[in-house]
Every structure is written in C-alpha cells, then in structure tokens.
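# everything below, folded, please.
(chains A and B)
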Amino acid sequence: MSELTTLTLKAALDGLAARTFSSAELTQAHVDAVEAARALNAYVLETPEKALAMAKASDDRRARGEAGRLDGAPLGIKDLFCTEGVRSTAGSKILGNFQPPYESTVTANLWRDGAVMLGKLNMDEFAMGSSNETSAFGPVVNPWRTKGGNAQLTPGGSSGGSAAAVAAELCLGATATDTGGSIRQPAAFTGTVGIKPTYGRCSRWGVVAFASSLDQAGPIARTVEDAALLLTCMAGHDPKDSTSLPVETPDFAAFVGKSVKGLRIGVPKEYRVDGMPAEIDAIWEQGIAWLKDAGCEIVEVSLPHTKYALPAYYIVAPAEASSNLARYDGMRYGLRVEGGNLTETYEGTRAAGFGAEVKRRILIGTYVLSAGYYDAYYLKALKVRRRIADDFDRAWEKCDALLTPTAPSAAFSLGDRSDDPVAMYLNDIFTVTVNLAGLPGISVPAGTDATGLPLGLQLIGKALDEGTVFALAGAVEKAANFRAKPAKWW
Amino acid sequence: MAIDAATVRKVARLARIAEAEEKLEPLARELSGILDWIEQLNEVDTEGVEPMTTAVHATLPMREDVVTDGPNPEAILANAPKTKDHFFIVPKVVE
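Sure thing, here's the model as predicted:
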C-alpha cells in the first residue's frame, strides 16, 4: 500500500481514526519506502523492528479506545535528539555508538501522544552546516532535481535528513532543530514546511547541545496544518530545561485556516540584499500580493542591523559551541584515541572525532573567548545581538508579523560551496536574525524557480505568537497552492 | 591577517584538538578570513548597550535541593570506552 506514504499527517490520522487502515499497515508502507530510498542517505539509522512494534502497540491502544493525538503516525527523528537505547550520533564520529540511557523530552512527548519512530535522520555534524555535507555519514541528497538535470543537490542543512525524508515521503513528519536556520532553510530547499518556534517553547533536554542560547526544536512537515499538529505535541514546559518557558501550549492547528484579514505585515527593506536572484525577489513580491489579497495591510519596516546578524552569530554560536563541545573528552562515552598521557588522549580523540567544520567553529569560539579578545569579540557580539532584537521590537510597533524570503537561493549542487565557509554561512542571512532575537519563524513552500526547484517564504512573528504565524502560513499555503513533488529517481 | 599559525597552535592547544604542524598555516588563513568578515561588527555603535545573554526574558527557576536521579551506575557507565567495577578508567591524571 505505497499510496499510504503520500498522505498528509492529518489525513493519515483521520484514516487511522476511521479504521481505514491500521498503524501496522501505515508503518510497513513507510518502512518499505525508507528501505527503497537509501540512495538519498536521509536515514543514518533505520529502526523497522521498533517501528512495527510501536505500530502494533498503537493499534492495540486504539482498539482499547485510548488513542493519543498522534497515535500510529510514523515519524523520523533528527539524530540530534537522544533516543533511549537507540544510537544517537549528532552526525559525528565522536559519539561513536552512543546509546543514550534516556529519552529527549521532545521525542518523549511524541511517544506519549502515540507516534511511531521509523529511525534517526542524517544531519550536519552537531547541526553545524547549511548543506548536510559536514555529516560524518556523508551528505543527504535532495529528492528534488532541476528539470531534466541529474546533478545531486543539497537538501540544505543542518536538518537535511528531516527535510529530504519528509519531501520524499519517507515519514509523515520529522523532528528538526534550528540554531541559525537549520529547520527553515532545508524546508525551503525541499518544498516542505518547517517552523522554529519561540526560544523556550520546546525543551532542549536530551537534544545534543550546539549553541544553547539559540538552539530550538521544531517540526518539518508537508503542510502547515501538519507542522502545527506536530509542534503542539512537541512543545510544552519542562522542568528539566531551565530555559523552557512555563506557558501553556495552544492547539496550534486551530489557527490554520483562520482569517488573516486586517493583520499588518511588515516587509523589511534590508532583506533586499545585493545579488539576490530575481526569482527570489519575484516570489517575495508574489507573497506580498497574496497576503494583500487575503486582507492584510502591507507596511515597509526597517531592521537596520540585519547585515550584522550573521557576523554576530558567528561569534555567539561558536563561543557557545566551544564550551558545549568540551564535554567530548573520550572519557565517559563515545570515541577514545589513547595517547601517551591524558592531554594527548584528549587531543587525539578530539582530532579524530570532530570533522573540519566543527573544529573550525571550536577554534573560533575558543579564540573569541580567550583572554584579551573576550570584550572585543564576544561582548561586542552580545551587544549587537541586543541591537538586532531591538530592531524587531521597533518593527512590532508597526506590524504584527514579517514576510521575507527564507533563503537567498534555491537548492544548490552538493560540493558547490563547501570550499568557502563564509559563502556557506550566507545561506542563513534571512533566518539567523530570528534565532538571535528568539522569535518564531516558519518557511512555507511558495513556488518553484525556472529550473523547477522549490522556493520558500518565511513568516516571522512576535515571541510566543506562533498562532498568528500559523494563520499567515496557512494563508500563504492556500494562495500558493504548491502541489509540485520531486519526480522519483531513487 | 587576524591570526597567524602560532596563534592557531595556541588556540588548538586550549581547545584540546591536535592539529598537524602543516595544517596550522592553512587554518590560520581560513580562520582569518572568517574573523576579517566578522570585523564589520565594529561599524555598529554599541555604546551603552546592555549585552544580550538570553533570547527570552525569564528568571531562572529555583528548585528544592534534593536528589532526583540515581543511583544507576550501570546506565551511567554503559557508553564508557573503558570501565572497571563501576569506575571510569582514564589515563593517569596526576604524576
């Protein structure tokens, strides 16, 4: 029953509730699809036996009338989330065969609501990358190709496995994480929906840490409603994460389809960057027209410090990463390379275990935090971060949400930008400001470029105002009526 | 260039990452390229600006100072590269 994999999460849940099919059937169809799609390298670990056991348990629960909100729905889990007894690597060699003795809060919430785990999804090492090429397991291949072309494209990163798996119908939805754009940019590159909620909505407990003041979990799904259903289950206060917000989680799906009439939409003029492809500009104009048609008022706003967001990010994130990744010392878990003494063991372990981009960021982070440079770099970046957050606060005086492109280009070829770190970093130019300010941002597929590749639009909301973001994303989704799918070549 | 090979050697040492001598020069060039790009932050006037250390305004919650976990030595040691009798085995720390 391969057509079961083409369902949206919502349609699948409805089908399960109506007993049109069982979770066992739905899950088996996905297990088969995953197996047949290994050329995409989206999964770094398939867990079919666990999936089928969870599906069976779900069917039993449903028979007893105890089905949860996601009961029986097969999902993929980014390998940054610790899953009890199931290898969790963060895309790195340094974690070796690490099998967490605990479950991350976000995944525990999904299992509480009845979801089924298909396996662990590929990603850039420690979520550091925008093309999935820094993964120790090799890059994920985007299921999308240019019309008539056969070049292998990046699915974006760092949640490239999550985005590719959702786009290629290898799961009904996936968990992902976003530190500078790692949910939204891959969603844009694969024609999927991805939301990074307000910082603190989702617990970071059990999510391998990259940059703790920026990291936030969220879903990637095929529709806005599916993303809302998943986020409603993933989010929630968790006493085990002191930055998790003690607020109620609304039913986000209830906002999808709500009227957006009268909402004021800000269009930040600083996002019109030099050298931006005309097609990105055109899709942005199209988005503005759609929201106008839906009754929104469009206002031009200024976010004057936008161009400083990426440089500030490349101090703050590596600084936090250098501190967070100090734990990989080869003593308690993961890889150990024995040296002549303790220091040599540390140095050899970390040299062999970390990839080039992770080392680069640890070195930058160590440098900017080192004696004599802390004020000039780190403190300066934290002050610029405040300026960026203040920009948004001023914009909120004039508008309720912002509309921008998600990424400055469509998906590019694997290998295209891997030699130039700064060129790679520029992928996140439209997404990173949101992480620095802690705001919610969603990417919605809006159309395709001339070569047939998907393009995304981003909606940014006020802190804890995901409801408005979902309502607007729903309006864009409806107007765009994006129906394109990647032609199956794998 | 913001940093030279000697600085990379020092920083790599601080970060406990072994870097081969012949890689220090290329790394210095790469890191300098990134740091030069970061230098544009100096254009921003941050006089009197309070550094932003957290993305949301929230006071850190307090909890009772009680044990909430353990003892579970098997789970703690399950992933260790080397163990013996409920201990991690590590290289000699004090000579």
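# pick out the residue of chain B closest to chain A.
Using CB to the nearest CB, the single residue of chain B nearest to chain A is residue B:55, 2.8 Å away. Quick note: C-beta positions are derived from backbone N, CA and C, even for glycine.
# which ones are touching that residue?
A:199, A:200, A:213, A:214, A:435, A:436, A:437, A:438 (CB atoms under 8 Å, 6 or more residues apart in numbering or on different chains).
# specify the local secondary structure of it.
At residue B:55 the chain is in coil, as set by DSSP: H, G, I helix; E, B strand; the rest coil.
# cool, and residue A:443?
strand.
# hey, what's it bridged with?
In this entry, residue A:443 is beta-bridged to residue A:194, residue A:458, by DSSP bridges.
# correct me, but it touches residue A:406?
Yes: with contact defined as CB atoms under 8 Å, residue A:443 counts as touching residue A:406 (4.1 Å).
# the two - which one has more neighbours?
residue A:443 (36 against 29; other CB atoms under 10 Å in any protein chain shown).
# center of chain B, which residue is that?
By CA atoms, centre = their mean, chain B has its centre lying nearest to residue B:15, at 6.9 Å.
# list the residues that contact that residue.
For residue B:15, the contacting residues are A:322, A:350, A:362, A:363, A:366, by CB under 8 Å, 6+ apart.
# helices of chain B, start to end?
Under the criterion DSSP state H, chain B contains helices at B:5-14, B:21-38, B:73-77.
# dump the ones you listed to a markdown table, plus distance to residue A:67.
Shown next, in a markdown table, are those (distance: least, CB to CB, whole Å):
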| stretch | distance to residue A:67 |
| --- | --- |
| helix B:5-14 | 53 |
| helix B:21-38 | 51 |
| helix B:73-77 | 31 |
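# can I get these in CSV including mean pLDDT and mean neighbour count?
Converted to CSV, the helices of chain B look like this (pLDDT from 0 to 100; neighbours: other CB atoms under 10 Å in any protein chain shown):
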stretch, mean pLDDT, mean neighbour count
helix B:5-14, 97, 18
helix B:21-38, 95, 16
helix B:73-77, 93, 14
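# tell me the confidence at residue A:1?
Listed pLDDT for residue A:1 reads 51.
# I figured residue A:381 hits residue A:310, correct?
No: if you go by CB under 8 Å, residue A:381 and residue A:310 don't touch, sitting 10.9 Å apart.
# quick one, which of these two is more surrounded?
Neighbour count, other CB under 10 Å: between residue A:381 and residue A:310, residue A:381 has more, with 27 against 22.
# returning to what we had before: farthest-apart pair in the contacts of residue B:55, please.
Farthest-apart pair in the contacts of residue B:55 is A:200 and A:436; separation 14.4 Å (CB to CB).
# the two: which has the busier surroundings?
residue A:436 (30 against 25).
# for residue 51, what are its contacts?
Assuming you mean chain A. A:27, A:30, A:31, A:74, A:116, A:117, A:118, A:119.
# my question was about chain B
So residue B:51 contacts A:379, A:382, A:383, A:385, A:386 (CB under 8 Å, 6+ apart).
# show the buried residues in those.
Neighbour-count burial (16 or more other CB atoms under 10 Å in any protein chain shown) applied to the contacts of residue B:51 gives A:382, A:383, A:385, A:386.
# can I get these in TSV including distance to chain B and secondary structure?
Listed next are these as TSV, based on distance: CB to the nearest CB, whole Å; DSSP: H, G, I helix; E, B strand; the rest coil:
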residue	distance to chain B	secondary structure
A:382	3	helix
A:383	4	helix
A:385	4	helix
A:386	4	helix
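# okay, those in CSV with distance to residue A:186 and pLDDT next?
Putting these into CSV (distance: CB to CB, whole Å; pLDDT from 0 to 100) gives the following:
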residue, distance to residue A:186, pLDDT
A:382, 28, 97
A:383, 31, 98
A:385, 24, 97
A:386, 29, 97
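# can you count the residues close to whatever residue of the stretch 301-450 of chain A ends up closest to chain B?
Nearest residue of the stretch 301-450 of chain A to chain B: residue A:438, at 2.8 Å (CB to the nearest CB). By the measure other CB under 10 Å, the count of residues near residue A:438 is 26.
# apart from its neighbours in sequence, what residue is nearest it?
Nearest in space to residue A:438, with sequence neighbours left out and distances taken as CB to CB, 6 or more residues apart in numbering or on different chains, is residue B:55 at 2.8 Å.
# what's the burial count for residue 18?
Assuming you mean chain A. 8.
# um, chain B though
So residue B:18, with other CB under 10 Å, has 18 neighbours.
# dump the residue contacts of residue A:306.
By CB under 8 Å, 6+ apart, the neighbours of residue A:306 are A:268, A:270, A:271, A:388, A:391, A:433.
# check the closest residue to residue A:265 other than its chain neighbours and give its pLDDT.
Using CB to CB, 6+ apart and skipping the chain neighbours, the partner closest in space to residue A:265 is residue A:296 (4.8 Å). Note on residue A:296: pLDDT of 98.
# got the contact list for residue A:296?
Contacts of residue A:296 by CB under 8 Å, 6+ apart are A:260, A:261, A:262, A:263, A:264, A:265, A:472, A:475.
# before we move on, what about residue A:138?
residue A:41.
# which phi and psi does residue A:45 have?
phi -150, psi 120 (degrees, to the nearest 10).
# likewise residue A:18?
Per degrees, to the nearest 10, the backbone of residue A:18 is at phi -90, psi 0.
# for burial, what's the neighbour tally of residue 83?
Let's take chain A. 24.
# meant chain B actually
Quick note: residue B:83 (other CB under 10 Å) scores 16 neighbours.
# my read: it touches residue B:89, true?
Yes: assessed by CB under 8 Å, residue B:83 is found in contact with residue B:89 at 6.1 Å.
# thinking again about what came up before, tell me the buried residues within the contacts of residue A:296.
Using 16+ other CB under 10 Å, the buried ones in those are A:260, A:263, A:265, A:472, A:475.
# what about the residue lying farthest from the centre of chain A, distance to residue A:394?
Most distant from the centre of chain A: residue A:340, at 41.2 Å, with distances by CA atoms, centre = their mean. Noted for residue A:340: a distance of 58 Å to residue A:394, by CB to CB, to the nearest Å.
# just residue A:82 next, same as before
From residue A:82 to residue A:394 the distance is 39 Å (CB to CB).
# the two: which is more packed in?
Shown here are residue A:82 and residue A:394; by other CB under 10 Å, residue A:82 has more neighbours (24 against 12).
# the nearest residue to that one once chain neighbours are set aside: what's it in contact with?
The shortest distance from residue A:82 to any non-neighbouring residue, by CB to CB, 6+ apart, is to residue A:100 (3.8 Å). By CB under 8 Å, 6+ apart, residue A:100 lies in contact with A:82, A:83, A:84, A:85, A:86, A:88, A:206.
# ranking the residues you listed by neighbours, who comes first?
residue A:88 (26 neighbours).
# please verify my assumption that that one contacts residue A:97.
No: using CB under 8 Å, residue A:88 is not in contact with residue A:97; the gap is 9.8 Å.
# farthest pair within the buried ones among the contacts of residue A:296?
It's A:265 and A:475 that sit farthest apart of the buried ones among the contacts of residue A:296, by CB to CB, at 10.1 Å.
# between those two, which contacts overlap?
A:291, A:296.
# for the residue of chain B positioned farthest from its centre, phi and psi?
Largest separation from the mean C-alpha position in chain B: residue B:85, at 30.6 Å (CA atoms, centre = their mean). Main-chain torsions, residue B:85, degrees, to the nearest 10: phi 50, psi 50.
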